[in-house]
Structure formats: structure tokens, C-alpha cells
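Asks: only geometry, no sequence info:
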């Protein structure tokens, strides 16, 4: 679901930056009003979870791959606005350092995975779970919320892909950016996520929320016990060590092919895509480290490094936001 550079024309990616900029501003204000210093570890943990879980690629029939996102878990625990910030941070670092998602498409990817997904997931969860839900109901509600939210985000991405041939094509009629129309792009994105990746997201969300409900019910109101936080960080560490499993999946996710792959399929490369594809040179492209020839070792090293960077950045950002929020609350008294 990470849209690369070249798949969206300026009419679309420019519009998405215009949409996401006020959303990020509002998210910062909302989180500043609610986040406190004791909740910062959860923000950092949520961002790290989203980064790590997206490294677990799942192969599906047809040679494509995909992954869970984890946005609904963060929204359930910290609220959808905090999830917007946490997942956006993970997506920005993925794009800048590892080339997972394009620079021009950062806002579009954040709209789908850091805005649409956490808000849909949060409100579906609240609708089903209610205010006084049992542990079983919370777990089931979380699974359904994760499934629905990922699929809505995937369809949103499919629409972005599908409108490109309509709004940007050359004199010969060939599309300049994403080449497949709505009748192809939307069903392709929807079916993969309805049948495969949505189930992965549902299971992951249900398992995590189920564990949190059993381990420390106070997490629902963001006052976690120190012991529970230690176990959560231990879980993140275990996932990091298991990330090489995600590197074993072969194939390219639908809509994330490079120019060479598209040329083999279509017989041509859309001109706009060819122009934008190499716009940004990430330090560690495709989650690899120059000098490390073993792909699995490199993937693990990147997982360790990337998780530390994402968690650290979220921690610092959370501290700044929480400090400003508490200072503002103190001045208002």
C-alpha cells in the first residue's frame, strides 16, 4: 500500500499534501491537549510497532505481497489523532531512509494509512465494543476494526491509482503515471486486502488488544503499568528479531512495481513515472544496508536500526508535545 514516486501525478500528490497539512496541524493540537509525559512511551511504542509490523511482508497468490499496518491498535490505545502522528512518523522515515513509499506520495500514504485507517478502525471499534465491553468483546471488536480499516485504506489507495489514467495521459492516450484504471485498480487492491492482508491485520489487532486487555486494562485510558510496558517493548524486540521472515516473501506489492517490472508487463513505461521514479535516493533502499551482502542479515540490521530511529523520534516528539500541552494546561489554570 506504499505508493512509490511516479504512480501519482502532481494533481493528486499535490492535493494530498494540501489535505494532510491541516490534518497534521490538527493532530498536533489534539495530541498536545491530551498527551501527558507518562503516555509518551506508548506513543513511541506505537510508532515502533507500526514500523516493525510493516516489515512482515506476506506473499499471496499471483506473486504479490502485502503487510499489516497496526494503525488501529494505536488508535484504540491512544486515540486516532495520536495514531495519525505515530504512523505518519513511521511512514516518513520509511520513505526517507529506505525508499518504501515515494517522497511525492508521503501525504497520500499518510492519508490512507495514518488518517483513514486509524479513524475508521477507532470508530468501528467503539461502535462494536461499546463503553463497558468484556475482554472477549474487546478482542473481537478490535479484530473487526482492524480488518475493516485496512480494507477501507486499501480501497482509498486503489482509487488514487485508478484515477491517474483519467486525469493524466499523453497525446497518444497512454497514462503518464499509474497505468491501471479504476475498474482494475480498485478491485485489485480490494480483493487482496479482503481475502488476505485484512485477515492478517485482523488477527494481529485482535491478538494485541486481547493481550493488552488481559495484561493491563488501564491501557484503554493510557495509564499503563511499568511492568506491562516492559513486556510490550519485549514484544517489539521479539518482532524485530523475526523480521527476516518478512524478507523471504518474493514478489512486489500491487501498485509498487518499478519501471523495469512495468515495462515487462505493459510493454512501456509511463512517461511521468519514469521521470519521478528516481527522484529520491534513500540511504538504505529496499531495507538493505550497503556492504552487507546477506539480505536476511541486512534486513534484520535495518529492522533494529529503523525501529530505534522511529521509536526515538516518536519519543522526542511526544516529549515536546506533552511538555507544551502540560505547560499550556498550567498557564490556563
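Replies: Sure thing, it's come through. Every value quoted in this text rests on a predicted model; they were computed, and no experiment measured them.

Asks: my guess is residue 167 contacts residue 12, does it?
Replies: Yes: here residue 167 reaches residue 12: they are 7.4 Å apart, a contact under C-beta atoms under 8 Å. The C-beta positions use only the backbone N, C-alpha and C, and glycine is treated the same way.

Asks: Neighbour count: these two, which is higher?
Replies: residue 12 (24 against 12; other C-beta atoms under 10 Å).

Asks: State the three-state secondary structure for that one.
Replies: Taken by DSSP: H, G, I helix; E, B strand; the rest coil, the conformation at residue 12 corresponds to helix.

Asks: OK, contacts around it?
Replies: Residue 12 is in contact with 108, 160, 163, 164, 167, counting by C-beta atoms under 8 Å, 6 or more residues apart in numbering.

Asks: Ok, residue 165 next?
Replies: Contacts of residue 165 by C-beta under 8 Å, 6+ apart are 175, 178, 179, 180, 181.

Asks: what kind of secondary structure is it in?
Replies: helix.

Asks: ok, the nearest residue to residue 158 once chain neighbours are set aside - contacts?
Replies: Spatial nearest neighbour of residue 158, excluding adjacent residues (C-beta to C-beta, 6 or more residues apart in numbering): residue 189 at 3.4 Å. Applying C-beta under 8 Å, 6+ apart, we find residue 189 in contact with 1, 154, 155, 157, 158, 161, 254, 255.

Asks: Next, the contact list for the fifth one, please.
Replies: Yep, that's residue 158 we're talking about. With contacts defined as C-beta under 8 Å, 6+ apart, residue 158 is in contact with 182, 185, 186, 187, 188, 189, 190, 255.

Asks: Out of these, which is nearest to residue 89?
Replies: Nearest to residue 89 among the contacts of residue 158: residue 255, at 23.0 Å, using C-beta to C-beta.

Asks: count of neighbours near the closest one?
Replies: Neighbours around residue 255, by other C-beta under 10 Å: 24.

Asks: With residue 194 instead?
Replies: 16.

Asks: Need the phi and psi values for the residue lying closest to residue 282 once chain neighbours are set aside.
Replies: Nearest non-adjacent residue to residue 282, counting by C-beta to C-beta, 6+ apart: residue 99, 3.6 Å away. The phi/psi pair for residue 99 (degrees, to the nearest 10) reads phi 70, psi 20.

Asks: Check the spacing between residue 272 and residue 8 real quick.
Replies: Distance, residue 272 to residue 8, by C-beta to C-beta, to the nearest Å: 9 Å.

Asks: Common neighbours of these two, please.
Replies: residue 177.

Asks: Looking at these two, which is more packed in?
Replies: Taking neighbours as other C-beta under 10 Å, residue 272 and residue 8 compare with residue 8 leading, 30 against 21.

Asks: pretty sure the more buried one contacts residue 163?
Replies: No: with contact defined as C-beta under 8 Å, residue 8 does not reach residue 163; the gap is 9.2 Å.

Asks: would you turn the contacts of residue 12 into CSV with distance to residue 283 and pLDDT?
Replies: Formatted as CSV, the contacts of residue 12 follow (distance: C-beta to C-beta, whole Å; pLDDT from 0 to 100):
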residue, distance to residue 283, pLDDT
108, 22, 97
160, 27, 97
163, 32, 97
164, 29, 96
167, 33, 94
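
Asks: got the buried residues for stretch 290-305?
Replies: For stretch 290-305, the buried set under the neighbour-count rule, 16 or more other C-beta atoms under 10 Å, comprises 298, 299, 300, 301, 302, 303, 305.

Asks: With stretch 257-270 instead?
Replies: For stretch 257-270, using 16+ other C-beta under 10 Å, the buried residues are 257, 262, 269, 270.

Asks: Repeat that for stretch 310-322.
Replies: Buried-residue list, stretch 310-322, by 16+ other C-beta under 10 Å: 310, 311, 313, 314, 315, 317, 318, 321, 322.

Asks: ok, now how distant is the first one from residue 289?
Replies: Remark: distance between residue 310 and residue 289 (C-beta to C-beta) = 17 Å.

Asks: what do you get for the fifth one?
Replies: The gap separating residue 315 from residue 289 is 24 Å, by C-beta to C-beta.

Asks: next one: the second one
Replies: The spacing between residue 311 and residue 289, counted by C-beta to C-beta, is 19 Å.

Asks: Just confirm residue 16 contacts residue 111, I think it does.
Replies: Yes: here residue 16 reaches residue 111: they are 5.5 Å apart, a contact under C-beta under 8 Å.

Asks: Just the pLDDT for residue 227.
Replies: Here the pLDDT value assigned to residue 227 is 64.

Asks: hmm, I was thinking of residue 326
Replies: So, for residue 326, pLDDT stands at 63.

Asks: check contacts around residue 296.
Replies: By C-beta under 8 Å, 6+ apart, the neighbours of residue 296 are 244, 247, 248.

Asks: Thanks again, I'm all set now.
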